[in-house]
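Next one to model:
(2 chains)
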2 protein chains.
Amino acid sequence: MQEQYLDDLYVGQTFGTPSLTVSAEAIKAFAQQFDFQPFHLDQEAAKSTFFGELVASGWHTACLTMKILLEGDYRPAGGFIGGKADELRWPNPTRPGDVLTCTTEILEIRPSATRPGQGTVKMRTTTFNASKEVVYILVMNGIAQRRPAV
Amino acid sequence: MQEQYLDDLYVGQTFGTPSLTVSAEAIKAFAQQFDFQPFHLDQEAAKSTFFGELVASGWHTACLTMKILLEGDYRPAGGFIGGKADELRWPNPTRPGDVLTCTTEILEIRPSATRPGQGTVKMRTTTFNASKEVVYILVMNGIAQRRPAV
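Sure thing, here's the model as predicted:
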């Protein structure tokens, strides 16, 4: 699959990703490294918490989204480089057994006024579970490369 | 250390964390799992990219921040539970050998109008390297528990 330059994108364009199944083991392993709270570590301990059940760390959902984005249709030339998000939300938790997929929509394209070779692309990435519930929304301002002059 | 209820917090209150050293090996291991782009995977391959050197995935910086937050002074009763961020930025990359520390400042405290036992705490977490450059800013709306009536 070809990489996309800023010049290849248009507002409203959408891209998909493959799906990924999240296991209880993966949820716990991630939590042990980075977010070792009872509701991310142990089914039993999670029962008396806010969530009432084992759920993935929101950062785990963010990382899994990054992973399937890299395996998806949008292949920005120069890579996914984001400096600033305008929105970050987890409307529903990711649960053991969830099958996640993402849709990314191009919201804005702004060629740089000062750097002729690049620009900014604002995109909204939405991650869904198999019931089409939204588990994650990220609106990111990414750096995009212009197509080099021939 | 005691947990803090919403009622124990005040606007302007700040909390610290221990420090954490980020190795090149940890940067690459994280990238292999979640963000397998050349500038996160390999020093040589990174030279011809936007960054020009090996840098940590922004999501790695986010996850390491979560980890040291959990080891820090702010221990919200019921845990760190965030549904929505108002700001997320990576002003500088995290590099191999960086020693990260965080400061969290309480920005707003809003008891819930409908759920007497809880409320929302807006907090800004800033992650610094040893040169006091900011590598990460997260403004998160967290769910906070009220102190139970005696």
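
Tell me the residues of chain A that contact chain B?
Those residues of chain A that sit near chain B, judged by C-beta under 8 Å from any C-beta of the partner chain, are A:33-39, A:49-51, A:57-59, A:62-64, A:66-67, A:70, A:78-85, A:87-91, A:143. Glycine gets a C-beta too; all of them are placed from N, C-alpha and C.

model confidence over stretch A:132-142, on average?
Along stretch A:132-142, the predicted local confidence has a mean pLDDT of 98.

do the same with stretch A:86-99
When pLDDT is averaged along stretch A:86-99, the result is 98.

what does that stretch rub up against?
A:19-24, A:27, A:51, A:53-56, A:58, A:60-62, A:64, A:100, A:122, A:124, A:129-130, A:133-141, B:82-85, B:88 (C-beta atoms under 8 Å, 6 or more residues apart in numbering or on different chains).

ends of it, how far apart?
The first residue of stretch A:86-99 is 26 Å away from its last residue (C-alpha to C-alpha, to the nearest Å).

Now which of the residues of chain A next to chain B would you call buried?
A residue is treated as buried here by neighbour count (16 or more other C-beta atoms under 10 Å in any protein chain shown); on that basis the buried members of the residues of chain A next to chain B are A:33-39, A:49, A:51, A:57-59, A:62-64, A:66-67, A:70, A:78-85, A:88-90, A:143.

tell me the contacts of A:Phe15?
Applying C-beta under 8 Å, 6+ apart, we find A:Phe15 in contact with A:72-74, A:103-105.

circling back to that earlier point, just the buried subset of the contacts of stretch A:86-99, written out for PyMOL, thanks.
Buried subset of those, written as a PyMOL selection, criterion 16+ other C-beta under 10 Å:
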select buried, (chain A and resi 20+22+27+51+54+55+56+58+60+61+62+64+100+122+124+129+135+136+137+138+139+140+141) or (chain B and resi 82+83+84+85+88)
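
Filter the contacts of stretch A:86-99 down to the ones in strands?
Among the contacts of stretch A:86-99, the members falling in strands (DSSP state E) are A:20-21, A:100, A:122, A:124, A:134-141, B:82-85, B:88.

would you list every one of the helices in chain A?
Along chain A, the segments classed as helices by DSSP state H run A:24-34, A:38-41, A:43-46, A:58-70.

Nearest to A:Leu9 among those helices would be which one?
Each of those was checked against A:Leu9 via C-beta to C-beta, and the shortest separation belongs to helix A:58-70, namely 15.0 Å.

now that closest one and strand B:82-89, what's the angle there?
60 degrees (axes from the mean of the first three to the mean of the last three C-alpha atoms, to 10 degrees).

name the helices or strands packed onto helix A:58-70?
Using 3 or more C-beta pairs under 8 Å, 6 or more residues apart in numbering or on different chains; DSSP states H and E as the contact test, the elements touching helix A:58-70 are strand A:20-21, helix A:24-34, strand A:99-111, strand A:118-128, strand A:134-145, helix B:24-34, helix B:58-70.

Alpha carbons of that helix, as PDB, please.
Only the C-alpha atoms of helix A:58-70 are listed here, as PDB (Å, rounded to 0.1, in the frame of the first residue of the first chain):
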ATOM      1  CA  GLY A  58      -7.600   3.700  29.000                       C
ATOM      2  CA  TRP A  59      -4.000   3.900  28.000                       C
ATOM      3  CA  HIS A  60      -4.100   0.300  26.900                       C
ATOM      4  CA  THR A  61      -7.100   1.200  24.600                       C
ATOM      5  CA  ALA A  62      -5.000   4.100  23.300                       C
ATOM      6  CA  CYS A  63      -2.000   1.900  22.600                       C
ATOM      7  CA  LEU A  64      -4.000  -0.800  20.900                       C
ATOM      8  CA  THR A  65      -5.600   1.900  18.700                       C
ATOM      9  CA  MET A  66      -2.100   3.100  17.700                       C
ATOM     10  CA  LYS A  67      -1.200  -0.500  16.800                       C
ATOM     11  CA  ILE A  68      -4.200  -1.200  14.600                       C
ATOM     12  CA  LEU A  69      -3.900   2.300  13.000                       C
ATOM     13  CA  LEU A  70      -0.400   1.300  11.900                       C
END
